[in-house]
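Sequence plus the predicted model coming up.
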Amino acid sequence: MVVNKIIQQIVALGFTEYEARAYVALIKIQPATAYEISRESGIPSSKIYEIIARLVEKNIFLAVIEQDKNKYVPVPPDEFVDRRKSYFDDTLKALKASLPGLRKNEGVSFIWNVYEYEYLMDKARRMIQGVEQEVMVSLWPEEFEGLISVLQKAESTGVKIAVVHFGIPEKKIGQIFQHPIEDTLYEEKGGRGFTLVCDGKTALVATISTDLHVEGAWSHNMGFVTLAEDYIKHDIYITKIVKRFDPHLKKKFGKNYKHLRDIYEDREET
């Protein structure tokens with residue numbers, strides 16, 4: 001089972017399944033003849049020489065002579081992995097520079113849906129890693145813990161960070177504003193809200209349910225970004241006001257500021 005998983009991981013790096021199976025087999029029995037590699041890997045003998053030739057050409061296999069027999073040794077695993085990592089890093093860097101040049105209409109911005117929690121968190125990390133000036137984020141303890149390391153790294157480079165935290169933050173980063181009515185909002189929304197804006201250019205917004213189901217979206221669209229940015233700023237304004245005038249606000253608007261949050265009426269506690 002472990003070997004099958006390794007083979008599939010090698011395939012994901014751009015090799016055929018036969019090439020992956022041959023490499024794994026040779027790691028186990030090196031040095032080995034073509035016949036021995038075929039027997040160990042299960043690759044048909046009619047195919048093994050073609051596979052070996054391709055791997056020799058890619059500098060994955062090295063041909064050697066041992067006891068008057070043609071044998072092969074594999075590139076060491078560390079070298080194999082490092083070489084593929086370098087190749088992908090260089091390729092991705094080149095694509096990142098060249099792909100944007102293919103756009104014909106720079107004025108079009110789309111809104112991309114987000115449905116998976118892992119993708120949500122990965123996208124958030126990548127957004128923060130690419131930030132240059134400022135990060136605004138509204139989130140709950142679970143997501144805060146998942147992003148704290150990249151936020152700290154961004155702050156260490158001089159990036160300004162403002163956080164609206166729905167809970168009691170255990171770690172300090174940037175300027176943290178603790179939201180005063182997280183329980184009420186959780187009940188109203190049916191999940192944890194998440195909003196991230198980086199450099200005023202990209203926004204990521206989502207609602208996360210208890211089973212980690214996600215309904216969200218991200219975009220460079222300025223209408224979308226401005227809406228998300230204003231949402232976070234509004235919460236920060238309210239948090240500052242509540243921090244300074246909480247007793248008076250509760251007296252005027254009731255528990256959890258219910259009349260303040262009622263947008264269809266303008267009244268106070270009787």
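That came in fine, so what should we check first? Numbering: from 1, shown residues only.

can you pull the contacts of residue 124?
Shown in contact with residue 124 (C-beta atoms under 8 Å, 6 or more residues apart in numbering): 143, 147, 194, 196, 204. C-betas here are computed from N, CA, C, even on glycine.

and with 7 Å instead?
Neighbour list for residue 124: 147, 196, 204 [criterion: C-beta atoms under 7 Å, 6 or more residues apart in numbering].

export these to a markdown table and tack on distance to residue 89?
A markdown table is the format used below for the contacts of residue 124 (distance: C-beta to C-beta, whole Å):
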| residue | distance to residue 89 |
| --- | --- |
| 147 | 24 |
| 196 | 26 |
| 204 | 25 |
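
Nearest to residue 241 among those?
Taking C-beta to C-beta as the measure, residue 196 is the one of the contacts of residue 124 closest to residue 241, at 23.4 Å.

Go ahead and report the secondary structure state at that closest one.
Secondary structure state of residue 196, per DSSP: H, G, I helix; E, B strand; the rest coil, is strand.

Point me to the helix or strand that includes the nearest residue to residue 117 once chain neighbours are set aside.
Distances taken as C-beta to C-beta, 6 or more residues apart in numbering place residue 212 nearest to residue 117, at 4.3 Å, with adjacent residues excluded. Counting by DSSP states H and E, no helix or strand carries residue 212.

Residue 212 and residue 116 touch, don't they?
No - in this structure, residue 212 is not within contact of residue 116 by C-beta atoms under 7 Å, at 8.7 Å.

sorry, back to before: looking at the contacts of residue 124, which one is closest to residue 246?
Using C-beta to C-beta, residue 196 comes nearest to residue 246 of the contacts of residue 124, at 27.5 Å.

Quick check: chain neighbours aside, which residue is closest to residue 221?
Spatial nearest neighbour of residue 221, excluding adjacent residues (C-beta to C-beta, 6+ apart): residue 109 at 3.8 Å.

ok, that neighbour - contacts?
Going by C-beta under 7 Å, 6+ apart, residue 109 touches 219-221.
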